[in-house]
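Engineer: Sharing a sequence plus its predicted fold:
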Amino acid sequence: MESMSAVLTTGETPFLGAYSMTQEKVRQEDKAPRENRMTVGVPFVDDARMTCRGVNVYYGEKHAINNVSIDVGRNEVLAMIGPSGCGKSTFLRCLNRMNDTVEGCRVEGDIQLDELNIYDKSVDVVPLRAQVGMVFQKPNPFPKSIYDNVAYGPKIHGLASSRAELDEVVESSLKKAGLWSEVSDRLDQPGTGLSGGQQQRLCIARAIAVRPEVILMDEPCSALDPIATATVEDLISELQEQYTIVIVTHNMQQAARVSQRTAYFHLGDLIEVGSTDRIFTNPRHRLTEDYITGRFG
Amino acid sequence: MQAEKRETTMDRVSKGLARRYRRERWFRLFGLSAIVTSVCFIALLFVSIGANGWSAFQQTEVLLDIHFDKEQFDVDNLSTANYGALVKNSMQALFPDVTGRSDKRELNKLVSSGASYVLQKMVIKDTGIIGSTKKIWLPADDEVDMFLKGYISRDVAESARRLNDKQIGWIDQLVAEGRLEKKFNTIFFTAGDSREPELAGIRGAVAGSLFTLAVTLLLSFPIGVATAVYLEEFAPRNRWTDLVEVNINNLAAVPSIVFGLLGLAVFLNVFGMPRSAPLVGGLVLTLMTLPTIIIASRASLKSVPPSIREAALGVGASKMQAITHHILPLAMPGMMTGTIIGMAQALGETAPLLMIGMVAFIVDVPHGVTDPATVLPVQIYLWADSPERAFVERTSAAIMVLLGFLISMNAIAVFLRRKFERRW
């Protein structure tokens, strides 16, 4: 394990270095074969916010994530794509230890946030989740008022010392989420009464109200109509200036639109990582190519 | 070819269609008849209880001119005066022609033996009335009451009825003079139990039931909810918690008398708690209702969508915060419904309370959880066992009161569920 991570942290890709260095179109016969399960491409960046090395996840006996190493860069949007059940959501949930709540789930390996291993015994999940916020697949506002939804995080973390300060946090969060103009006159209405897209933006506002460094998004648009999806995608691009975002998506166009880097997962393995442009135009692994060309998925 | 194939499919579908609809009709019919039957039985139950019991809310009273004779009273000891004599004297004054010793006794029997207690209370409350003469409505004897309500017939042979011809004559005379009337039975709601039906009331049993239920609620709700939260949110899933779960489900099905025996053995014999006390009754009923509350609470905790839990944890709430801020408020309506259903069950419970001595004949209205008391269903049981005709209607009346409590508790449960139910 140690020698492994030592190799990995050199910054070089562990396998097929030739492919990763090449900028021109990779010839079909030079692509990594389908049997290959080592990561192709450049999983590491120089200025990483989160670094993951040799991450394995087990659900009881089931090996859900197999030896994944990847970096999440500062102020970038990293998209994770892959067919259903490939482990991308599982991996995402490792990044703020949401998997702790799953019975029988075991995480091995090293995941660091700003050089601190988040799975270390000394790390408390409560401040960690304040640093690494999460937006879920289905909009899940609390059955409370819009105001209380956004104010809940700052309240429990003691981020606002007065009511006025709290009002300010709520307002700025809703503004960042692009929801302020739509709800400013009905903050006391229940958040569950909003439309699907508004609910999801409310959930994003709730996540950014605690001023996280990283926001994890688990298929945030899968329950939304195309117009609401477009709004949320615009929002993601805006948020990128301040936050690091990791987004899991089924929608490849979405990944292409919002992300700078893309990681392709397949059956628990991280198959290929690279700049989004490159992945979609010039995949270096046959599985990636199969997926983005719609051969399966 | 294509058209032919299509036709056969449609034919087959329509052939089966009639049968499918017929089945549906039959099912609906069965359901409807089941509901109509049960509604009929409930109506029958209510009508029979109502028909038997409504007359208990009236009590025959007799208007007497009581002269509070100064010589009868010792100012220092008002409670020992001969109040019975006051009643007898005034009856004597109404019927001066009754002279024989046994006739006099028969005459005096028309007024309840409790009349003297009414006078005693009046005098103790206001000593100023000593020396004056007052017209006072006093409870008549239960046989007179039954006669006026038509339960004792004149046509029966004298030997076969509880009132002889002379007594009926006196009653007729009193009715003619307007001195014998049916009035609202306040005694039934203000008195404790009594051997005399006309003096028996449900106040003691209601107070006993309320004290018992208060103890039950105060213990079982917090313990039940805490247990459910622990088992559902904190406890690991392993063989031990499976065993606990199976046992809780089993306890819900244990006959209540077993809990009574347990209470007798533990609370009375080991801890030496007082017999017949609502405290012990409440403890026993707590044991009995806990499984119900725990099961209902766990079910309502389970029904809170996991997305709410994730949302709370996702913004960095601790587990306890997620539970107290989000999960418990959402689960509360279900928990309260379960608790009220458990309480209604406890209110109607008799068997375990027999074991711990709450079946005793207790005249005094209890004033605390350690006073000897009985409860409504036990009171019904005791009255149903009594031979006097007047207790029959009181039994039904007590059942009506108990049903009233149960219906209002269930109505509260429905109301709470509607009020606090939230949608997401």
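Structural biologist: Yes, it's here. Residues are numbered from 1 along each chain as shown, chains lettered A, B, ... in the order given.
Engineer: got the residues of the stretch 151-297 of chain A near chain B?
Structural biologist: By the rule Cβ under 8 Å from any Cβ of the partner chain, the part of the stretch 151-297 of chain A lying against chain B is A:Tyr152, A:Gly153, A:Ile156, A:His157, A:Thr192, A:Cys203, A:Arg206, A:Ala207, A:Ala209, A:Val210. In short, each C-beta sits where N, CA and C put it, glycine included.
Engineer: so where's the chain shaky on pLDDT?
Structural biologist: Looking at chain A here, since you left the chain open. Residues of chain A that meet the criterion pLDDT under 70 lie in A:1-24, A:296-297.
Engineer: that answer is for a different chain, and I need it for chain B
Structural biologist: Looking at chain B by pLDDT under 70, you get B:1-6, B:422-424.
Engineer: Can you name the secondary structure element that comes next after the helix or strand encompassing A:Lys155?
Structural biologist: Secondary structure assignment for A:Lys155, by DSSP states H and E: helix A:146-157. Toward the C-terminus, helix A:146-157 is succeeded by helix A:163-176 as the next helix or strand (DSSP H and E).
Engineer: which two from the residues of the stretch 151-297 of chain A next to chain B end up farthest apart in space?
Structural biologist: Farthest apart among those by Cβ to Cβ are A:His157 and A:Thr192. That separation is 23.4 Å.
Engineer: Return the residues in contact with the residue in the stretch 151-297 of chain A positioned nearest to chain B.
Structural biologist: Chain B sits closest to A:Gly153 of the stretch 151-297 of chain A, with a gap of 3.9 Å, by Cβ to the nearest Cβ. Residues in contact with A:Gly153 (Cβ atoms under 8 Å, 6 or more residues apart in numbering or on different chains) are A:Ala130, A:Leu159, A:Arg206, A:Ala207, A:Ala209, A:Val210, B:Val315, B:Gly316.
Engineer: where does it sit relative to B:Ala312, distance-wise?
Structural biologist: A:Gly153 sits at a distance of 9 Å from B:Ala312 (criterion: Cβ to Cβ, to the nearest Å).
Engineer: Stretch B:308-317 vs chain A: in contact?
Structural biologist: Yes: Stretch B:308-317 comes into contact with chain A (Cβ under 8 Å from any Cβ), by way of B:Ile308, B:Arg309, B:Glu310, B:Ala311, B:Ala312, B:Leu313, B:Gly314, B:Val315, B:Gly316, B:Ala317.
Engineer: what's next to that stretch, contact-wise?
Structural biologist: For stretch B:308-317, contacts defined as Cβ under 8 Å, 6+ apart pick out A:96, A:98, A:101, A:126-130, A:133-136, A:140-143, A:152-153, A:156-157, A:203, A:206-207, A:209-210, B:319, B:321-322, B:325-327, B:330, B:424.
Engineer: what about 6 Å?
Structural biologist: If you take Cβ atoms under 6 Å, 6 or more residues apart in numbering or on different chains as the criterion, stretch B:308-317 is touched by A:Val126, A:Arg129, A:Ala130, A:Met134, A:Phe136, A:Asn140, A:Gly153, A:Ile156, A:Val210, B:Ala322, B:His326.
Engineer: got the contacts of A:Gly153 as JSON lines, with distance to A:Ile245, secondary structure and neighbour count columns?
Structural biologist: Converted to JSON lines, these look like this (distance: Cβ to Cβ, whole Å; DSSP: H, G, I helix; E, B strand; the rest coil; neighbours: other Cβ atoms under 10 Å in any protein chain shown):
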{"residue": "A:Ala130", "distance to A:Ile245": "16", "secondary structure": "helix", "neighbour count": "22"}
{"residue": "A:Leu159", "distance to A:Ile245": "21", "secondary structure": "coil", "neighbour count": "16"}
{"residue": "A:Arg206", "distance to A:Ile245": "15", "secondary structure": "helix", "neighbour count": "30"}
{"residue": "A:Ala207", "distance to A:Ile245": "10", "secondary structure": "helix", "neighbour count": "29"}
{"residue": "A:Ala209", "distance to A:Ile245": "16", "secondary structure": "coil", "neighbour count": "28"}
{"residue": "A:Val210", "distance to A:Ile245": "15", "secondary structure": "coil", "neighbour count": "24"}
{"residue": "B:Val315", "distance to A:Ile245": "16", "secondary structure": "coil", "neighbour count": "29"}
{"residue": "B:Gly316", "distance to A:Ile245": "18", "secondary structure": "coil", "neighbour count": "27"}
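Engineer: Serialize the residues you listed to CSV and add fields for distance to B:Leu174.
Structural biologist: Below are the contacts of A:Gly153 laid out as CSV (distance: Cβ to Cβ, whole Å):
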residue, distance to B:Leu174
A:Ala130, 86
A:Leu159, 84
A:Arg206, 80
A:Ala207, 85
A:Ala209, 83
A:Val210, 84
B:Val315, 80
B:Gly316, 82
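Engineer: A:Lys88 reaches A:Gly82, doesn't it?
Structural biologist: Yes: checked against Cβ atoms under 6 Å, the pair A:Lys88 and A:Gly82 is within contact range at 5.0 Å.
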